[in-house]
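Engineer: please work out how this folds:
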Amino acid sequence: MATMVETGFSNVDASHDAGNLVDYLGLAAKHLANHRRTGYEMLRLRPGAAVLDVGCGAGEVCVELAAMVAPSGRVVGIDPSDAMLGAARRTADASRSPIELRVGSIYALPFPDGTFDAVRAERVFQHLEDPDAGLREMLRVTRAGGRVMVIDADHGQHGIALDTVAQRRVYEASVRSLTRMIVNPHSGTRLTPMFMRAGAAEIELQTSAHEFAYPDFVRLFFLDERLKAAVEAGDITREEAADFVAALEERHRSGTFFANVIGYSVVGTKT
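Structural biologist: Okay, here's the model as predicted:
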């Protein structure tokens with residue numbers, strides 16, 4: 001029987017790989033920086049606003065938010081992982097930003113109703129077994145008229161340049177493996193209906209395509225792990241996986257490697 005492979009993000013502290021996962025988030029944050037910053041405009045942030053970043057990870061976003069709501073605003077980051085919050089504290093200390101950091105779950109945010117002017121979560125919902133409950137809790141702690149944003153991908157929508165039917169078959173097997181590794185792999189395309197069900201108003205959607213060089217693609221999309229899982233599941237052979245990697249490496253050397261993913265940002269107003 002094939003061993004179930006996971007990314008580790010559903011429970012960072014239990015993964016025994018927290019350091020690498022912190023580094024992973026930093027790399028992903030760099031790739032998504034422009035998409036994320038455009039999203040700040042959709043949150044309608046102003047100086048003096050109170051903002052909550054759910055699943056704050058290593059804290060880079062909290063630092064950006066603090067600069068936007070300064071000098072009298074409030075930024076709080078919450079994450080279920082002690083390891084992530086340790087990294088976030090180091091980020092906050094280095095920037096000298098007045099950021100509050102707390103351990104907590106998206107399913108039970110430790111704040112009264114209507115505490116924040118804006119609440120956001122980035123690349124969090126793909127790891128949730130009950131994303132609707134997470135969104136309801138984010139809306140609960142948002143004031144009436146405040147804005148809630150969720151940013152995520154659909155991991156069934158990666159694009160990659162390939163030359164042969166055989167390579168495409170291996171890649172599609174690897175995508176199936178990736179979607180089995182993630183709790184809520186199609187999160188990005190599920191967001192807009194979710195906001196509608198939750199009763200949010202003024203719902204807006206922003207999408208953007210993000211390109212990745214070969215080394216970052218391998219790291220950010222768990223290529224080695226998902227090919228291994230596809231082999232163990234019997235979808236492809238070890239030889240096919242090796243040939244596929246060799247073909248991508250040749251593209252990398254020749255400058256013809258291309259891969260991208262679609263990012264989704266959905267924002268709505270608390271009624």
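
Engineer: which SS state does Ala88 fall under?
Structural biologist: Following DSSP: H, G, I helix; E, B strand; the rest coil, Ala88 is assigned to helix.

Engineer: nearest spatial neighbour of it, skipping sequence neighbours?
Structural biologist: Of all residues beyond its chain neighbours, the one nearest Ala88 is Gly59 (3.1 Å), with distances taken as C-beta to C-beta, 6 or more residues apart in numbering. From N, CA and C alone the C-beta is placed, and that goes for glycine too.

Engineer: strands of this protein, start to end?
Structural biologist: Using DSSP state E, the strands of the chain run over 50-54, 74-79, 99-103, 116-122, 142-153, 159-160, 201-211, 259-269.

Engineer: CSV for those, including mean pLDDT?
Structural biologist: Below are the strands of the chain laid out as CSV (pLDDT from 0 to 100):
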stretch, mean pLDDT
strand 50-54, 98
strand 74-79, 98
strand 99-103, 96
strand 116-122, 97
strand 142-153, 97
strand 159-160, 94
strand 201-211, 94
strand 259-269, 95
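
Engineer: Gly86: neighbour count?
Structural biologist: Residue crowding around Gly86 was assessed by other C-beta atoms under 10 Å; the count is 16.

Engineer: now it: how far from Arg96?
Structural biologist: Distance of Gly86 to Arg96, computed by C-beta to C-beta, to the nearest Å: 18 Å.

Engineer: could the C-alpha coordinates of stretch 229-244 be exported in PDB?
Structural biologist: What follows is stretch 229-244, C-alpha atoms only, in PDB (Å, rounded to 0.1, in the frame of the first residue of the first chain):
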ATOM      1  CA  ALA A 229       3.700   9.400  -4.500                       C
ATOM      2  CA  ALA A 230       2.600   8.800  -8.100                       C
ATOM      3  CA  VAL A 231       5.100   6.000  -8.400                       C
ATOM      4  CA  GLU A 232       4.000   4.400  -5.100                       C
ATOM      5  CA  ALA A 233       0.400   4.700  -6.200                       C
ATOM      6  CA  GLY A 234       1.200   2.800  -9.400                       C
ATOM      7  CA  ASP A 235       0.200   5.700 -11.700                       C
ATOM      8  CA  ILE A 236       3.700   5.900 -13.200                       C
ATOM      9  CA  THR A 237       7.000   4.000 -13.100                       C
ATOM     10  CA  ARG A 238      10.200   5.100 -11.600                       C
ATOM     11  CA  GLU A 239      11.700   5.300 -15.000                       C
ATOM     12  CA  GLU A 240       8.900   7.500 -16.300                       C
ATOM     13  CA  ALA A 241       9.400   9.800 -13.300                       C
ATOM     14  CA  ALA A 242      13.200  10.000 -13.900                       C
ATOM     15  CA  ASP A 243      12.700  10.700 -17.600                       C
ATOM     16  CA  PHE A 244      10.200  13.400 -16.800                       C
END
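
Engineer: now the helices: where do they sit in this structure?
Structural biologist: Ranges of helices within the chain are 18-31, 33-43, 60-69, 82-95, 131-140, 165-181, 187-197, 214-220, 223-232, 238-254, based on DSSP state H.

Engineer: cool, thanks, signing off.
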